[in-house]
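[1] pasting the structure only:
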């Protein structure tokens, strides 16, 4: 008879998955706030989901708790929190004003998010992918796309003038974000960013200043962040083109 105790599951393994569940829950909570027309709370819930999503992978790596289950759960959470939730929030906020087209666009956003994540997962082990070799991602990541899609709401909150953002304009903008998610445009990856030791203290100071602005002027800060990201898209495209030219010249 074997008296050895049954080996249990380490809590260390569950911590990153719990953070992922928090991200999923925050995204769905945003939909609940939108149903109550508490628009600022709805957007903040998606932003909080993005914070949880940005930390679960780092926690998993720090605890050496990465797993195939965690990766699958993270993708499913992203579809809900950054695909379905923003689509429903935007639909309830303004897209429903354009009738059936608004619902079609909401569906397109959710589907584009799912396709973006499926493509990302399918290329995880692709060693010959040029973008990965150069430290770029393909298309706009789902959490960032969710933040970009909600940018019209940020602007409405801090200007107090919803009339600036007509349903037609918001529809066209949301469609553009859908295209960016499934496009082949190279985008910068924060994971591939490497800072010199000489600037690490400046970087930490910058993070502190950013958090201060985010908590004091959240909607203006988020609008600036979304605008800056869109401005950097053509810059990342040109950067990747230069890297490819250098590779061609080296061969």
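    Cool, the structure landed. For clarity, every value in this text was computed on a predicted model and none was experimentally measured.
[2] Show me where this structure has its strands.
    136-138, 186-188 (DSSP state E).
[3] Tabulate these in JSON lines, adding columns for mean neighbour count, distance to residue 244 and mean pLDDT.
    Yep, even glycine has a C-beta here, placed from its N, CA and C like the rest. Output for the strands of the chain, formatted as JSON lines (neighbours: other C-beta atoms under 10 Å; distance: least, C-beta to C-beta, whole Å; pLDDT from 0 to 100):
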{"stretch": "strand 136-138", "mean neighbour count": "20", "distance to residue 244": "11", "mean pLDDT": "87"}
{"stretch": "strand 186-188", "mean neighbour count": "20", "distance to residue 244": "10", "mean pLDDT": "90"}
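[4] Can you show me the helices along this structure?
    11-35, 39-62, 68-79, 85-93, 100-122, 130-134, 142-149, 151-159, 167-182, 200-216, 218-250 (DSSP state H).
[5] Name whatever forms a beta bridge with residue 137.
    Legend: beta-bridge partners of residue 137 under DSSP bridges are residue 187.
[6] The closest residue to residue 60 other than its chain neighbours: neighbour count?
    Excluding the flanking residues, the one nearest residue 60 by C-beta to C-beta, 6 or more residues apart in numbering is residue 16, at 3.7 Å. For residue 16, the count of nearby residues is 24 (other C-beta atoms under 10 Å).
[7] these two touch, right, residue 16 and residue 56?
    Yes. Counting by C-beta atoms under 8 Å, residue 56 is a contact partner of residue 16 at 4.9 Å.
[8] and the spatially most central residue of the chain, how far is that from residue 229?
    The structure's the chain has its C-alpha centroid closest to residue 143; by C-alpha atoms, centre = their mean the separation is 1.1 Å. Plainly put, residue 143 is 11 Å away from residue 229 if you go by C-beta to C-beta, to the nearest Å.
[9] cool, and residue 211?
    In terms of C-beta to C-beta, residue 211 sits 18 Å off from residue 229.
[10] higher neighbour count, the two?
    More crowded of residue 211 and residue 229, by other C-beta under 10 Å: residue 229, with 18 against 11.
[11] wait, what's in contact with that one?
    144, 148 (C-beta atoms under 8 Å, 6 or more residues apart in numbering).
[12] what's the answer for residue 73, then?
    Per C-beta under 8 Å, 6+ apart, neighbours of residue 73: 17, 20, 21.
[13] Out of these, which end up buried?
    Buried members of the contacts of residue 73, counted by 16 or more other C-beta atoms under 10 Å: 17, 20.
[14] buried ones in stretch 186-199?
    Buried, per 16+ other C-beta under 10 Å, within stretch 186-199: 186, 187, 188, 189.
[15] Among the helices of the chain, show the one with the smallest mean pLDDT.
    When the helices of the chain are ranked by mean pLDDT, helix 130-134 comes last with a mean of 81.
[16] Need the residues that contact that one.
    Against helix 130-134 from outside (C-beta under 8 Å, 6+ apart): 123, 126, 137, 138, 186, 240, 243, 244, 247.
[17] Apart from its chain neighbours, what residue comes closest to the fourth one?
    Translated: residue 138. residue 131 is the one closest to residue 138 (C-beta to C-beta, 6+ apart), at 5.2 Å.
[18] cool, and residue 37?
    residue 92 (7.8 Å).
[19] ok, that neighbour - contacts?
    Residue 92 neighbours (C-beta under 8 Å, 6+ apart): 34, 35, 37.
[20] Counting neighbours, which of these comes out on top?
    Top of the contacts of residue 92 by neighbour count (other C-beta under 10 Å): residue 34, with 23 neighbours.
[21] Hmm, residue 171 is touching residue 99, no?
    No. With contact defined as C-beta under 8 Å, residue 171 does not count as touching residue 99 (10.4 Å).
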